[in-house]
Every structure is written in structure tokens, then in C-alpha cells.
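Chemist: take a look and give me a structure for this.
(chains A and B)
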Amino acid sequence: MKREHLLILAIVAALVAWPLLMGNYAVAQANRAMIYALAALSFSLLAGRLGWFSLCQTTFAGISGYTVAILGVRYGLPFPLVVLLALLLTTFSAVIFGLLTVRSRKVSFLMLTLALGQMVWALSFQWVDVTGGYNGIAGVRMPVYGGVDLNDTRIFYVMVTTVTVAIFLAMWRLYRSPFGLLLLGIQENEQRMRALGHPVALARFSAFVLAGAIAGVAGVFLVYDMGIMSPSPLGLGHAVWVLTAAVLGGYRSLLGPAIGVAILITLETLVAQYTDRHMMVIGLVLLLSILLMPRGLAEVLEQRFKRKSKPQASVTTTTRGE
Amino acid sequence: MTETQPATSSAPALEVAGLAKSFGSLLVASDVHLRVESGERRGLIGVNGAGKTTLFNMIAGELKPDRGSIGFFGDNITRDSVIQRTLKGLGRTYQVSTLVPSVTVRENLALARGDGRLPSLWQPWQSRLDGDLMTTADQLGLTAVLDETVANLSYGTLRQLELAMVMAQKPRLLLLDEPAAGLSHAERQVLQDILHELPREVTLLMIEHDMEMVLALSDCISVLHQGEMFAEGSPDEIAAHQGVRDIYLGRAND
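Modeler: Predicted coordinates:
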């Protein structure tokens, strides 16, 4: 228990130190990383707890982003109202998608989320009157409050960090709550959870809506970070990028998705400096890391951590998941 | 139907009437009748394929019968869902232990006693382990393995956990599907003692192949054969029943 609290303190300290020590570019990269960490967390909540691999979590971020862009730029609604409505509409979309997918199993769930995601993506570039088509909607800006420009990289960083840390802490509670445990139970033994008197469908549905809402928060930050909303964040490429980050970091653990996103963004930034064929290098790194660490980096670290803290080695090699 | 226990309430714990089920052309239950009084210990025997587990699945609500009705303490539960039946006090164990293998015994116990509502998203899961639950775990000999991952448990311990999980629900009727299957002789003895100690507020209906155990625990035994109730009587009567002997020796008319 104590060690976990130390870890949390260390992460928070690092996040506080980052903008004080690093330049603007690194802070901007951190902003982007935290936004995608939220998207990857949204994916991992479903993948790690329920065994549900979703390809539409970035779609929720996209719906949220478009709502912000349309209401903020086209209709000029005030910033807090825009954010509130974006989150409400995203959550509502998650309710609708959730009703459609709640009874599906692994592969059918994946296919349904793929279909739903692709439908919204197609809508985003074909419904030109509302979305601006491929050109998108530009000029999405946060307001200036009392001389403080919320668009400033470092001020934006403070907002993104606060919200991201709060959401991760809430998920830390959730993962160790009876609800979190029930989700694992459903993944491994749905029939039994029902026989024990648990509302299986409701639990699944709630997790799905919650994951959608988290992606919605990511979407709000994403659109303000980019300053423009276009169809590309809704595309399959983004969904797969988030999936890759979550798998790389370890979607079963809480910090895995954040670690995965940090690694991917760092890799992309570093490798792009040296070669145009950076995707080849990244692909190779992914290939190797998934071959060597099929459960993700976070779980490898966790196992090391546990082995050192507990000498009773015989029992600690637990078999999680399948 | 001799020495059944005095009923603690007038309605029977379980009243199965005219239950029928077929999978395609395969008839697995045809017109099954079964009445178990409240507080009774009933054994359910029959050769493999006689339809015992199918009957359990229909009683527990996991399988819809084609025809017939199921009464539970005077309440018609034929159309209730699994979860509704659970909340009304029907508990069951499974032939193949089906728990949550990747987490510890303690975490599994925290998942016992669902109440049909969404559990807390905020409290730690340990908050669901109260003294009552830990007493049940202790009675079933689980104290030493509480922090063990379920996937690493021995088969006997798994069966004990299985029983603890369902006992924690405080069922009024407990369906036990071959509780002794795969257990060592010593483990069987432990299990038999545990079942013997269960309070009479819990009605037991037990599928079991270990005849010694069934004869020792049951007030009354029902014999299922080819999807029908073939015989019913006290352990002595069933042990002496020529037709039942024939079935078990494979000499029944096919």
C-alpha cells in the first residue's frame, strides 16, 4: 500500500517538474501525450476489465471534439457551456452505442465498434454543412479569462494534467472497487456472476458509458490542443494507434495505457529526427516488444516490483487473464 | 416418500411439475415431477445422461423448459431470470468449478452475495468482506488460502470455495451438482461433514454419484432415468430397489 502511494507522489512530482524544467515543445508533447493517455485509458477500461476490445473510443473523442468545434466556433456559445454540452452529447452517444453492443461478445463487439466508428467517421466528412467536410472547422480556441490565455501551452498543461491525474486517480479507486472486481469476474465468468446475483448487463453497460465519457474528456482537450477539428482523429488509424499504445503499455494495468502512449510519442519524435522511414523503425520496436512482453510493459515492471518486495517467489508468479 | 422432514413452512421448497425439454430430437426431460419439502435433504441420482444437470439448469433458470412449471416456496418462478431466482434465495454450485481464476480467494469471496444492484465504484472491494463472510470461509477451511490466486488452488479447495461462495448468499434452496466429484476420500469426508452441519433452514437438492454420501446425507432419494422420474423413496428403499439396481448395472429395459 505504502509503495503505491509513493509511486503516485513520484508521478505527480514529475508532472509538476516537467513544465518548470522543459521547453515549450516538450510541454506541448506532454499535453498531447496526456490527452492520448486518457483515450488509451478509456480503451483499457473495457479491454482490461471486460475483455472488450473497442475500436470506437476515439470516435467518442471525435464526437466530443466536433461538438466543441461546432458549438464554439459556429454558434459562439460560451466555453463552459460548450464543454458541458460536448461531454453530455458524448455520454449520450455512449449510451446509444452501449445499448447496441452490450449483449455482444469479443469478436462481435470489436466488429460492432468498428462499424459504429466507421459510420461516424464517414458522417464527419460527408455531412459537409455541419462538419466542414475534409477541411474541418478551424479556429477552435479557449477563451482568455482576466488576461490569462488558456491556450498558452503551460496553462493548458496545468488544466490537462489536473484533469488527467484526477481521472486516473478515480480509475485507481474504481479498479480496486467491488465494481472493478465484478468487471473482471464478468470477463472470466459471466454466467457465474449472474448466478451470484450481479447485474451483468448493467455493469457492462455502465463501464461502456463511463469509458465513453472519459474519451469525451480526451476529445475536448484534443480539439483545443489542435485548434481545428477534422475527420482524421475519427479514422481507423487513430483507433489502432490508441489500441497499440494500450497493448504496448499493458491494458490490464492502470498505468499501462499512459506508459504505452508516452513510449509511442517519444519513439515517433525521436526516430523522425533521424529518418523519414520512422514507421518502419517503430513497427520493428512494436513487433519486438509485443513478442517479448505480450502482457505489456507495465505488467513486466509490476512483476519485477512484486518479486523484489515479496521474497516468497513460489506464489507470486500469478496467472492473470487467459 | 417415507421419512421426509417436517416442513418448516407449508409450501414446498421446490415443486417441479411436468417439466419437459428437448434439444432438437433429443428428449432430455419428459414430464419431470419433483417435490422437495422445506428443510429436506434430497438426493438426485441417475446414470450419466439421465438429465440431472439439465434439470438443475432449468431449476436455476439457465435453461428454458419447453413445458412445465417450477414452484419455489409457493412462488411460480418458471419465467424468472437467473438473477431473480438468485435474489429469491436459490443457490447452486457447478459441476466444473467456475469461479474467477485470475484473482485471489479473498477477491472471489468479495464477489459472492450479489444483490442485483451495481456494486460500489468507489469503496475498496475489501469492504464487502464482513465477519459473516469470513466465518463462512473459515467453516469451509479456506482461512489458510485466502490470498492464494484461485488458478493455483487444488481441486478440493476449489470445491470448498465454490460451496463458500454459494453459502454466502444464504440460499433457502441449494442445488449441489456433484459436490464430491474428483475429491479424495479425506476431502469427501470433510465435505460430508460440512453438508451435514448445514442448518435445516437450507433445503438441499444434490446430484451425486458417490452413493455412500448420498445415502448418508439424504432424507429421500429421487432417481432420474431417461428424462423421467423413475423412482423415489428413502435411502433404504432406493438401496433395495430392484429397478434402480438394474439401471445402475445396465440391465434396465432400453
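Chemist: how far is stretch A:98-110 from where the chain is centred?
Modeler: Taking the mean of its C-alpha atoms, stretch A:98-110 sits 19 Å from the chain's own mean (C-alpha atoms, centre = their mean, to the nearest Å).
Chemist: for chain A, which segments are assigned as strands?
Modeler: Along chain A, counting by DSSP state E, strands occupy A:137-138, A:144-145, A:148-149, A:228-229.
Chemist: partner strands of the third one, parallel or antiparallel?
Modeler: Think strand A:148-149. On the basis of DSSP bridges, the sheet neighbours of strand A:148-149 come out as strand A:144-145 (antiparallel).
Chemist: list the contacts of B:A112.
Modeler: Residues near B:A112 by C-beta atoms under 8 Å, 6 or more residues apart in numbering or on different chains: A:L196, B:L133, B:A164, B:M165, B:V166, B:A168, B:Q169. No exception for glycine: its C-beta is placed from N, CA and C like everyone else's.
Chemist: JSON lines for the strands of chain A, including mean neighbour count and mean pLDDT?
Modeler: What follows is the strands of chain A, written out as JSON lines (neighbours: other C-beta atoms under 10 Å in any protein chain shown; pLDDT from 0 to 100):
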{"stretch": "strand A:137-138", "mean neighbour count": "18", "mean pLDDT": "94"}
{"stretch": "strand A:144-145", "mean neighbour count": "10", "mean pLDDT": "92"}
{"stretch": "strand A:148-149", "mean neighbour count": "10", "mean pLDDT": "90"}
{"stretch": "strand A:228-229", "mean neighbour count": "22", "mean pLDDT": "96"}
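Chemist: how's chain B carved up into domains?
Modeler: B:11-89+B:171-254, B:101-170 (automatic domain parsing).
Chemist: now for those domains, which one comes closest to A:T153?
Modeler: domain B:101-170 (33.9 Å; C-beta to C-beta).
Chemist: distance from the closest one to the middle of the chain?
Modeler: On C-alpha atoms, centre = their mean, the centre of domain B:101-170 falls 18 Å from the chain's centre.
Chemist: okay, the domains of chain B in a markdown table with mean pLDDT next?
Modeler: Formatted as a markdown table, these follow (pLDDT from 0 to 100):
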| stretch | mean pLDDT |
| --- | --- |
| domain B:11-89+B:171-254 | 90 |
| domain B:101-170 | 91 |
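Chemist: closest to A:S253 out of those domains?
Modeler: domain B:101-170 (13.1 Å).
Chemist: what sits closest to the residue in the stretch 151-254 of chain B that chain A sits nearest to if chain neighbours are left out?
Modeler: For the stretch 151-254 of chain B and chain A, the shortest gap (C-beta to the nearest C-beta) falls at B:A151, measuring 5.0 Å. Once flanking residues are discounted, B:A151 sits nearest to B:P101: 4.1 Å by C-beta to C-beta, 6 or more residues apart in numbering or on different chains.
Chemist: assign a three-state SS to the one you found, would you?
Modeler: With DSSP: H, G, I helix; E, B strand; the rest coil as the basis, B:P101 sits in coil.
Chemist: list the contacts for it?
Modeler: So B:P101 contacts A:E188, A:T319, B:T149, B:V150, B:A151 (C-beta under 8 Å, 6+ apart).
Chemist: which pLDDT value belongs to the spatially closest residue to the first one that is not a sequence neighbour?
Modeler: This means A:E188. Closest residue to A:E188 in three dimensions, ignoring its sequence neighbours and counting by C-beta to C-beta, 6+ apart: B:V100, at 4.9 Å. Predicted confidence (pLDDT) for B:V100: 92.
Chemist: so out of everything in chain B, what residue is nearest chain A?
Modeler: When scored by C-beta to the nearest C-beta, chain B has B:G114 as its residue closest to chain A, at 3.0 Å.
Chemist: quick one on the thing from earlier: show me what contacts the residue nearest to A:E188?
Modeler: B:V100 touches A:L184, A:G185, A:E188, A:N189, A:R192, B:E107, B:N108, B:L111, B:V150, counting by C-beta under 8 Å, 6+ apart.
Chemist: how about 6 Å then?
Modeler: B:V100 makes contacts with A:G185, A:E188, A:N189, B:N108, as judged by C-beta atoms under 6 Å, 6 or more residues apart in numbering or on different chains.
Chemist: and the gap between the third one and B:Q242?
Modeler: What that stands for is A:N189. 43 Å (C-beta to C-beta, to the nearest Å).
Chemist: who's more crowded, those two?
Modeler: Using other C-beta atoms under 10 Å in any protein chain shown, the more surrounded residue of A:N189 and B:Q242 is A:N189, with 19 against 9.
Chemist: you'd agree the more buried one is up against B:Y94?
Modeler: No. With contacts counted by C-beta atoms under 6 Å, A:N189 stays clear of B:Y94, the gap being 9.8 Å.
Chemist: and the closest residue to B:E232 other than its chain neighbours, how many residues sit next to it?
Modeler: Once flanking residues are discounted, B:E232 sits nearest to B:S222: 4.8 Å by C-beta to C-beta, 6+ apart. When counting by other C-beta under 10 Å, one arrives at 24 neighbours for B:S222.
Chemist: can I assume B:S222 sits in a strand?
Modeler: Yes. Assigned with three-state DSSP, B:S222 falls within a strand.
Chemist: partners of it in the sheet?
Modeler: B:L44, B:E232.
Chemist: and what of B:L26?
Modeler: Beta-bridge partners of B:L26, as defined by DSSP bridges: B:F23.
Chemist: that one: neighbour count?
Modeler: Quick note: B:L26 (other C-beta under 10 Å) scores 9 neighbours.
Chemist: circling back to that earlier point, quick one: which of the strands of chain A is nearest B:W122?
Modeler: strand A:144-145 (32.0 Å).
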